[in-house]
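Asker: Turn this into a structure:
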Amino acid sequence: MAIVRKLIVEVVDARNLLPKDGHGASSPYIILDFHGQRRKTRTVIRDLNPAWNESLEFNVGKTSEVLGDMLELDVFHDKNIGPTTRNNFLGRVRLSSSQFVKKGEEALIYYPLEKKNLFSWIQGEIGLKIYFVDEFVPPLAPPPPPAPPTPPPEEVKPEPPPADSASDVPAAEADINETSPDPPAEAPPPGDGDEPKNEEPPPVPPTEAAPPPSAENPTTETADLADSGPPLDQTPKSPRGQNPDHHVMASVSSGFMPEVKVNNINAPQPISRVSSVSSFMSDQSDRSSIERSSFDLVEKMHYLFVRVVKARSLPSAGIPVVKIAVSGCHVISKPARKTTFFDWDQTFAFNRDSPDSSTILEVSVWDPLSGGHDFLGGICFDVGEIPLRDPPDSPLAPQWYRLEGGGANRGDLMLATWIGTQADESFPDAWKTDTVGNPNSKSKVYQSPKLWYLRTSIIEAQDISMLMPLKESSYQIKVQLGFQVQKTKSVLTNTGAPTWNEDLMFVAAEPFTEHNLIFVLIENRQPKEQVIVGVATIPLTSIERRVDDRNVVSRWSTLEDPNEEKRVYRGRVHLRLCFDGGYHVMGEVANACSDYRPTARQLWKPPVGTIELGILGCKNLLPMKTIKTKGSTDAYAVAKYGNKWVRTRTISDSLDPKWNEQYTWRVYDPSTVLTIGVFDSWEAFESDGSKESMRPDFRIGKVRIRISTLTTGKVYRSVFSLILLSQAGLKKMGEIELAVRFARATPTLDFLHVYSQPLLPMMHHLKPIGMVQQEVLRAATVKIVSAHLSRAEPPLRREVVTYMLDSDSNTFSMRKVRANWLRIINVIAGVIDVFKWADDTRSWKNPTATILVHALLVMLVWFPDLIVPSFAFYIFVVGAWNYRFRSRTSLPHFDPKISLVESIDRDELDEEFDAMPCNRQNEMVRARYDKMRMLGARVQTLLGDFATQGERMQALVTWWDPRATGIFVGLCFVVAFILYLIPSKMVAMAFGFYYLRHPIFRDRMPSPALNFFRRLPSLSDRML
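Answerer: Numbering: from 1, shown residues only. You can find the predicted model right below:
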């Protein structure tokens, strides 16, 4: 059955439209255009807030440059209603199809109406629901059989071949026709999935095609070809006008080995198992350029690929295996799966130091169940004749090879072999020499689950007093979603109808079928006794989704007795539930967030560019574990940006692993961070079933790259130190080499306009979430994401996800307190330097500078319009001067000096990594508590000093000290009277010259104004 996609546009209503009928109203209707299709709604008569509630349907086709993929809605006033003579324009909305979602994810969104041109006067907004629907179309009845075709006209015969070739072909045919004593062998039918999708039966070239044999006199050629592939008369013909992607040609040779051509590359021919020296000499002209891939940020690693598909006609009733030997590496495949053939369909990738190295590739088939590992046959290839494959080309088609030696007299093995790089599509799932065949070491891409904030508004409960006596009781509701549990406050009531009006928020992941939302009404009795009154269960699939702050419809849910098998009514609860798609579900720390998009796809803005990351490798890694008295590290890298996670393959037992893998992400906001982490894996022991496989993966280090620090189009290839802070202190674990490039995809003005937009979506500003609640939701998000990714194959373990998301970044650390205090000092150091420069200037330490400041003061006082332009020009000069010292090659990285980890106290470090609750000895906990009290006392004194200065400012006019307030008020009156009489320029110049007077005219004691301010009272003397 065919699937047809349709676009459904539900036109709900509009609000606050302009009156255009001349009588203070409008009669609007809407015209919708999408992909060359036009629809029209009905006209709502004389209504500025019309409601249509119509559903319009459009067929979705392929994207066209002529029609485009934009949905355009134009709102008009109907000229047939009212005194108007034309359809007045009321506004338009243009939406891209990339904003539309599938059915089930739609939400009512109000889009503001846009102008048609600069002089249009438009207002209002329109509410729409837009989504895709896939409809199944039943298959049509088969057409009647066509009439027999007319014989084609006689074609012009080509020139005859040369005499020698013309004489060889009939001789070969005659030789074949003479030996036909055996009946024709029937070709085995191919099994499902045995042949690759792009493999076609090889057509016979015209010059070598033999006439089809009759059924009465089959020839040996027919029998042999039936053994080696499908019959020739079943070759499908390609449609006229289409060039097939895979050109497969066959020819008859002495060993009946068909020659396969894929993209003008000949498959290698097997050589005799006793190789001669001449077989190593081959033409290297076809080994020029190897690939034209997008892997341009990493180094190309050459691999010898061997794909073993299946075998037939083997003299074995067991499950044979394939052994591959090349360059001193011996590999055994998995046991064959017995169907019509012996199936393996396994790919092997052997690392090659140089693409020009020439060795012998041996592929042999063995029967391990016979006791002695019977040799069934094998094939040898000259690696120098194996073709190089360009990744844009189609995959190399496997072909049948006749096994030589052993017990397989007529056994055939289907395989393909080529030389490629890590850009080959077979590389991720292939067995690799640097991973030692670990099945969990493959490179994989993961997606975080789609997360929603679930807002639960608990309003009230009723009918509780019907089942219990009237008395004052305390009630609260416990809400549970999976592992998340929250409670409302306790409410006292004697009417049996408690009211809460509280909002509780949870994090939910799609699909919504795993958990239900459970409400438990609890009665708190004395002493400390809780009784469950009733339970209500609501499936998540029945909850409405919204993308703005509109109020959703509330509902009543029945409370039932959880201890009864039958449904017993215990009251009802009034709820308002919705999924808030206008929020961004925070899973990362705010200073290292990789995405700020809201959950609802309809609110996403187009990407501004792409970020490309090349993970080249690591150097000088420390041994992370000991295996058989030898230090070993099985390293892999994980990169995270937005919802996309990538994991490189695990390089086994290497302190200098080389990955050379490249990945790409779309960038929606340049003020985001790309995170790369390196870990040591224990997954290699899972195949052995040992307990070591249950150990957590060790952290080696992490790197953060902020996208906004990258220059557009420039490749940054840098080496970052992998630094790890643990209970033992700071340790350098090694180095990682990365290549990064940011490519801008939008015009320059649109890209710069992003910097003026808010980071977080609109709902974070309309209904902000508190800091404490935000941390609780973030902890739940980390648990959900880690549980989701740990179920993948291969899994991203929980410790990897928590380390990448910095789930423990908010734990208390005395080191971070001191580091943040020094950061504050560094920030205000510039202000301190300005005050120090002003003090040096007024002290006449540099008389020339002081005289110039006097001249500048006179100019700014007499020309005050120059103050703001002069300050802006000064900032420009400072920025232009610092442009010379910008970082051009290296990217910013973790700084141990800023983090204060080079000289950290051991006790503070142990306190930083201590778990919650503390499990240290009582004496150590008491010492830490005393130190915390000392720090708290200093903070208390600092806060008290700030409060005292503010209260002294208030005391100037509050008459706490009558004499001080009288002096200040009288002085203000005198200053106001003087400024009314004397021009302000004269006063400003006099004050400036007085401030910059020479030290010989200045007293060393504090100024009278400062002495007066310090004598003002504050509320500190009233505190107990």
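
Asker: Report the central residue of the protein.
Answerer: Lys644 (2.2 Å; Cα atoms, centre = their mean).

Asker: mind listing what it touches?
Answerer: Neighbouring residues of Lys644 by Cβ atoms under 8 Å, 6 or more residues apart in numbering: 445-448, 665. Where C-beta positions appear, they are placed from N, C-alpha and C, glycine not excepted.

Asker: now those residues as JSON lines including pLDDT, neighbour count and distance to Met916?
Answerer: Compiled in JSON lines, these are given as follows (pLDDT from 0 to 100; neighbours: other Cβ atoms under 10 Å; distance: Cβ to Cβ, whole Å):
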{"residue": "Val445", "pLDDT": "91", "neighbour count": "11", "distance to Met916": "35"}
{"residue": "Tyr446", "pLDDT": "93", "neighbour count": "19", "distance to Met916": "29"}
{"residue": "Gln447", "pLDDT": "92", "neighbour count": "12", "distance to Met916": "32"}
{"residue": "Ser448", "pLDDT": "93", "neighbour count": "20", "distance to Met916": "26"}
{"residue": "Trp665", "pLDDT": "95", "neighbour count": "23", "distance to Met916": "35"}
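
Asker: Columns distance to Val60 and secondary structure on top of those, output as JSON lines?
Answerer: Formatted as JSON lines, the contacts of Lys644 follow (distance: Cβ to Cβ, whole Å; DSSP: H, G, I helix; E, B strand; the rest coil):
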{"residue": "Val445", "distance to Val60": "27", "secondary structure": "strand"}
{"residue": "Tyr446", "distance to Val60": "29", "secondary structure": "strand"}
{"residue": "Gln447", "distance to Val60": "24", "secondary structure": "strand"}
{"residue": "Ser448", "distance to Val60": "28", "secondary structure": "coil"}
{"residue": "Trp665", "distance to Val60": "27", "secondary structure": "strand"}
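
Asker: circling back: model confidence score at the residue nearest to the centre of the chain, please.
Answerer: We have a pLDDT of 94 for Lys644.

Asker: State the distance from Met301 to Gly617.
Answerer: 10 Å (Cβ to Cβ, to the nearest Å).

Asker: Between these two, which contacts overlap?
Answerer: In contact with both Met301 and Gly617: 658, 660, using Cβ under 8 Å, 6+ apart.

Asker: Isn't Phe913 up against Gln727?
Answerer: Yes - the pair formed by Phe913 and Gln727 meets the contact definition of Cβ atoms under 8 Å, at 4.8 Å.

Asker: ok, these two, which is more surrounded?
Answerer: Neighbour count, other Cβ atoms under 10 Å: between Phe913 and Gln727, Phe913 has more, with 13 against 10.

Asker: What residues does the more buried one make contact with?
Answerer: Counted by Cβ under 8 Å, 6+ apart, Phe913 has contacts 726-727.

Asker: Roughly how far does it sit from Tyr716?
Answerer: Counting by Cβ to Cβ, the gap from Phe913 to Tyr716 is 33 Å.

Asker: repeat for Phe977
Answerer: The span separating Phe977 from Tyr716 equals 65 Å under the rule Cβ to Cβ.

Asker: Comparing these two, which residue is more hemmed in?
Answerer: Tyr716 (18 against 10).

Asker: That one: what secondary structure?
Answerer: Put simply, Tyr716 is strand when judged by DSSP: H, G, I helix; E, B strand; the rest coil.

Asker: And Leu759, by the same measure?
Answerer: coil.

Asker: separation between it and Lys450?
Answerer: Plainly put, Leu759 is 21 Å away from Lys450 if you go by Cβ to Cβ.

Asker: show me where pLDDT drops low in the stretch 151-300 of the chain?
Answerer: 151-294 (pLDDT under 70).

Asker: do the stretch 1-150 of the chain as well
Answerer: Ranges of the stretch 1-150 of the chain meeting pLDDT under 70: 1, 63-68, 139-150.

Asker: Tell me where the stretch 801-950 of the chain has helices.
Answerer: 814-842, 847-862, 867-882, 896-899, 906-912, 922-955 (DSSP state H, counting those that start in this stretch).

Asker: could you dump those helices to TSV with mean neighbour count and distance to Leu17?
Answerer: Putting the helices of the stretch 801-950 of the chain into TSV (neighbours: other Cβ atoms under 10 Å; distance: least, Cβ to Cβ, whole Å) gives the following:
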stretch	mean neighbour count	distance to Leu17
helix 814-842	12	50
helix 847-862	13	53
helix 867-882	10	43
helix 896-899	13	56
helix 906-912	16	60
helix 922-955	12	51
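
Asker: Those helices: which one's closest to Gln530?
Answerer: helix 922-955 (32.1 Å; Cβ to Cβ).

Asker: can you give me how far that closest one is from the chain middle?
Answerer: Its chain's C-alpha centre and that of helix 922-955 lie 44 Å apart, by Cα atoms, centre = their mean, to the nearest Å.

Asker: Compute the inter-axis angle for it and helix 814-842.
Answerer: Helix 922-955 and helix 814-842 are oriented at 30 degrees to each other (axes from the mean of the first three to the mean of the last three Cα atoms, to 10 degrees).

Asker: Only the buried residues of the longest strand along the chain, if you could.
Answerer: Longest strand in the chain by number of residues, with DSSP state E as the criterion: strand 729-744. Across strand 729-744, burial judged by 16 or more other Cβ atoms under 10 Å covers 733-742.

Asker: just those now: which is nearest Arg94?
Answerer: Nearest to Arg94 among those, with distances taken as Cβ to Cβ, is Phe742, at 28.6 Å.

Asker: Would you confirm that that closest one contacts Val715?
Answerer: No - contact status for Phe742 versus Val715: not in contact, 9.7 Å apart, counting by Cβ under 8 Å.

Asker: Between those two, which contacts overlap?
Answerer: With Cβ under 8 Å, 6+ apart, Phe742 and Val715 have no common neighbours.

Asker: low pLDDT regions in the stretch 601-750 of the chain?
Answerer: The model of the stretch 601-750 of the chain has pLDDT under 70 over residues 684-693.

Asker: Is the residue nearest to the centre of the chain bridged to anything, and to what?
Answerer: In this entry, Lys644 is beta-bridged to Gln447, Tyr641, by DSSP bridges.
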